[in-house]
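> Pasting the sequence and the predicted model now:
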Amino acid sequence: MAGHSQFKNIMHRKGAQDAKRAKQFAKILREITVAARSGLPDPASNPRLRAAVTAAREANMPKDNVERAIKKASGAAGGEDYVEVRYEGYGPAGVAIIVEGLTDNRNRTAGEVRAAFSKHGGSLGESNSVSFMFQRLGVVTYPVDAASEDEMLEAAIEAGADNAVLTEEGHEITCEMENFFAVRDALESRFGEPQSAKLDWRPENSVSLDEEKARTVLKLIDVLEDNDDVQAVYANFDLPDDVAQALAA
């Protein structure tokens with residue numbers, strides 16, 4: 001299991017979900033705003049907006065919130081003007097980290113991200129300094145009962161995906177970034193709306209961390225994710241089972 005996914009599970013078990021949810025909603029609404037402005041304000045005709053609406057539904061965001069955000073973004077006075085940013089660097093123990101964000105002030109966000117890296121034992125690098133260590137993939141997920149393993153694999157390959165795997169958590173279909181929207185739409189036409197559908201950074205290789213190093217890396221990721229301008233954080237580490245259990249205790 002990827003370190004970042006384990007980190008998410010650990011944080012979920014630790015509670016304090018109200019504040020986390022409010023921040024998550026704010027990030028999703030920001031993505032909806034940018035997506036609605038990048039094309040038509042109709043999710044059916046705007047693939048990026050459709051993906052953002054799917055993320056909102058996955059997070060149990062009220063439908064009214066989503067509709068208000070789309071309406072506001074598509075209006076003449078659309079509010080804040082956000083731009084996409086990406087930062088790359090190394091955390092403690094040489095862990096490679098990619099930070100994606102949407103900001104209305106590049107200088108502020110760059111300064112805050114740089115400060116977070118510096119304060120927590122990392123260093124911010126240049127563009128593409130670590131992204132070569134990751135694959136950019138489209139990832140679509142469905143619950144276990146959406147289809148049989150063979151049926152989902154067959155449909156995924158027909159749709160142009162690279163792979164489909166079934167775990168206890170459900171079906172995960174991965175594809176090249178360029179095929180993402182076509183694969184998602186083909187699967188949706190057959191199995192209904194996916195549980196989630198997004199672009200992801202997957203590490204080619206991972207760094208295994210002991211408990212002490214894991215705590216320092218997770219602290220940095222936590223600080224980065226707590227930043228309002230940060231949409232997602234990806235890292236190339238693994239947590240052995242005993243370390244994950246110790247951190248969750």
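Everything's here; your move.

> contacts for the biggest helix by length in the chain?
Counting by DSSP state H, the longest helix found in the chain is helix 17-38. With contacts defined as Cβ atoms under 8 Å, 6 or more residues apart in numbering, helix 17-38 is touched by 11, 46, 48-49, 51-53, 55-56, 59, 61, 65-66, 69-70, 72-74, 78-80, 82, 84, 102, 226, 228, 230-231. All C-beta atoms are positioned from the backbone trio N, CA, C, and that covers glycine.

> just checking, what packs against the helix or strand following it?
Next along the chain after helix 17-38, taking DSSP states H and E as the criterion, comes helix 47-58. Helix 47-58 sits against helix 17-38, helix 63-74, helix 180-191, strand 196-203, with contacts defined as 3 or more Cβ pairs under 8 Å, 6 or more residues apart in numbering; DSSP states H and E.

> Now with 7 Å, please.
Secondary-structure packing of helix 47-58 (3 or more Cβ pairs under 7 Å, 6 or more residues apart in numbering; DSSP states H and E): helix 17-38, strand 196-203.

> List the strands paired with the last one, with their directions.
Strand 196-203 has its sheet partners listed here by DSSP bridges as strand 134-142 (antiparallel).

> From the centroid of the chain, which residue is nearest?
By Cα atoms, centre = their mean, the chain has its centre lying nearest to A232, at 4.9 Å.

> List the beta-bridge partners for that residue.
E100.

> any idea how far it is from K198?
Distance, A232 to K198, by Cβ to Cβ, to the nearest Å: 9 Å.

> got the phi/psi numbers for Y82?
phi -100, psi 150 (degrees, to the nearest 10).

> Would you check that it makes contact with R106?
No: counting by Cβ atoms under 7 Å, Y82 stays clear of R106, with 10.5 Å between them.

> more neighbours, the two?
Y82 (19 against 12; other Cβ atoms under 10 Å).

> where's the more buried one relative to D145, distance?
37 Å.

> Next: F117.
F117 is 42 Å from D145, where distance means Cβ to Cβ.

> Which one's more surrounded, the two?
F117 (22 against 8).

> Quick check: bridge partners of P203?
F134.

> My guess is it contacts R136. True?
No: P203 lies out of contact with R136 (Cβ under 7 Å); the separation is 11.4 Å.

> Of the two, which one has the most company?
Between P203 and R136, counted using other Cβ under 10 Å, P203 has the larger neighbour count: 21 against 14.

> Can you tell me how far that one is from L124?
Distance from P203 to L124, by Cβ to Cβ: 18 Å.

> Ok, I157 next?
Distance from I157 to L124, by Cβ to Cβ: 40 Å.

> Please name the residues that touch G89.
Neighbour list for G89: I97, F117, G122, S123, L124, G125, S129, V130 [criterion: Cβ atoms under 7 Å, 6 or more residues apart in numbering].

> ok, it to V217 distance?
12 Å.

> now A159
36 Å.

> More neighbours: which of those two?
In this view A159 and V217 are compared by other Cβ under 10 Å, and V217 has more residues nearby, 27 against 21.

> Surely that one and A93 touch.
Yes: the pair V217 / A93 is scored as a contact, 6.4 Å apart, by Cβ under 7 Å.

> Could you name every residue contacting both of the two?
With Cβ under 7 Å, 6+ apart, V217 and A93 have common neighbours L209.

> Tell me where the protein is predicted with low confidence.
1-18, 76-79 (pLDDT under 70).

> mind redoing it with 50?
Applying pLDDT under 50 to the chain flags the ranges 1, 12.

> ok so, going back, in helices, which of the contacts of G89 fall?
F117.

> filter the contacts of G89 to the buried ones?
The neighbour count (16 or more other Cβ atoms under 10 Å) marks I97, F117, G122, L124, G125, S129, V130 as buried among the contacts of G89.

> thought G121 was touching T216?
Yes: shown here, G121 and T216 form a contact pair, counting by Cβ under 7 Å, at 5.6 Å.
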